[in-house]
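1. give me a 3D structure for the following:
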Amino acid sequence: MRLVVLGMGYSATQFVAQGRARFTSVSVTVRSVQKAARLRAGGFETFVLSGHAVDPALETAIRNADALLVCIPAEDGGDPALPLLGDVIGTAPGLGWIGYLSTVGVYGDHQGRLVDETSDLRATSERGLRRIAAERGWLDLGATSGKAVNVFRLAGIYGPGRNPLVSVADGSARRVIKAGQKFSRIHVEDIAGACLASLDRPEPGAVYNVADNEPAPPQDVIAFAAGLLGLPAPPEEPFDSATLSPMARSFYMDSRQISNVKLRTRLGYPLRYPTFREGLTALFTAGEGRRSG
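-> Residues are numbered from 1 along each chain as shown. Purely as a prediction, here's the structure:
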């Protein structure tokens, strides 16, 4: 199977690593020449995709591809890949699966209620509205081309190098308390596993929430990480008086809990890390938060 990845970042790297045995070739795009050089050294056909120029060899790779994973976030001008590559993608003869990584941020504020894939998309931020438009663009491409486009709405991502164990250990973790606030999260290995399960069972137009089983208050997750490390939990900070960046504060303005029932039942994907406890315990066992340097 020939794979093309648009936007070779954290989640895509895990997807390629988990599925490497099934891919006969992997072509990827990045934004920087330096990262492209590192990936080429690792055996990937790599293209720099930025601005409005497209390497003809990238178009050839897409035409020859069996699967396409899209991880490029929407920008101010909309989805950057669709205008550049939509025609090539839509007419690629062997392309049987297109996965688009989105975010649960498209749901906006549901006042703490449980939301599923049929819930209203209430995002009001520019970031959320751009994601909604991008999802629609990719789903429309699938509908018009007859290709199986699957959208994955990702909860808060954690995994190796990016998790509360690291932030507790380096002193950057905070326990900001907002009454009733819970966040959903997902281990990066489960993102890759869910996408690979969809690749095995492509369903045109399917949308999946990719989240674990337990939305939880963020302060509880930090306290659990601190307990694993044998360190004191950071002090509690009331949300109303906490000094937060505009982006960090915006995350607390939307309240919702994410249902993953469709992921577990219709797609039939068994989570490796059903809650943050299993995920953080596995990361702790692997040495996260305890490595020197």
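
2. distance check, residue 52 against residue 107.
-> As judged by Cβ to Cβ, to the nearest Å, residue 52 and residue 107 stand 32 Å apart. From N, CA and C alone the C-beta is placed, and that goes for glycine too.

3. neighbour count: these two, which is higher?
-> Neighbours per residue (other Cβ atoms under 10 Å) separate residue 52 from residue 107, with residue 107 holding more: 23 against 7.

4. tell me how far stretch 76-87 lies from the chain's centre.
-> Mean C-alpha position of stretch 76-87 versus that of the full chain (Cα atoms, centre = their mean, to the nearest Å) differs by 19 Å.

5. quick thing: my sequence starts at 623, can you match it?
-> With the count now opening at 623, the last piece we talked about shows up as stretch 698-709.

6. mind listing what's buried in it?
-> For stretch 698-709, burial by neighbour count (16 or more other Cβ atoms under 10 Å) applies to 701-704, 706-708.

7. surely residue 638 and residue 647 touch.
-> No - Residue 638 is beyond contact range of residue 647, at 11.2 Å (criterion: Cβ atoms under 8 Å).

8. out of the two, which sits in the busier spot?
-> Using other Cβ under 10 Å as the criterion, residue 638 and residue 647 rank with residue 638 on top: 19 against 15.

9. which helix is the longest one in this structure?
-> helix 748-767 (DSSP state H).

10. tell me which other helices or strands it touches.
-> Packing contacts for helix 748-767, counted by 3 or more Cβ pairs under 8 Å, 6 or more residues apart in numbering; DSSP states H and E, involve helix 703-713, strand 719-725, strand 771-776.

11. remind me what the last one packs against, helices and strands.
-> In this structure, strand 771-776 packs against strand 719-725, helix 748-767, helix 810-822, strand 829-832, with contacts taken as 3+ Cβ pairs under 8 Å, 6+ apart.

12. thank you kindly, that will do.
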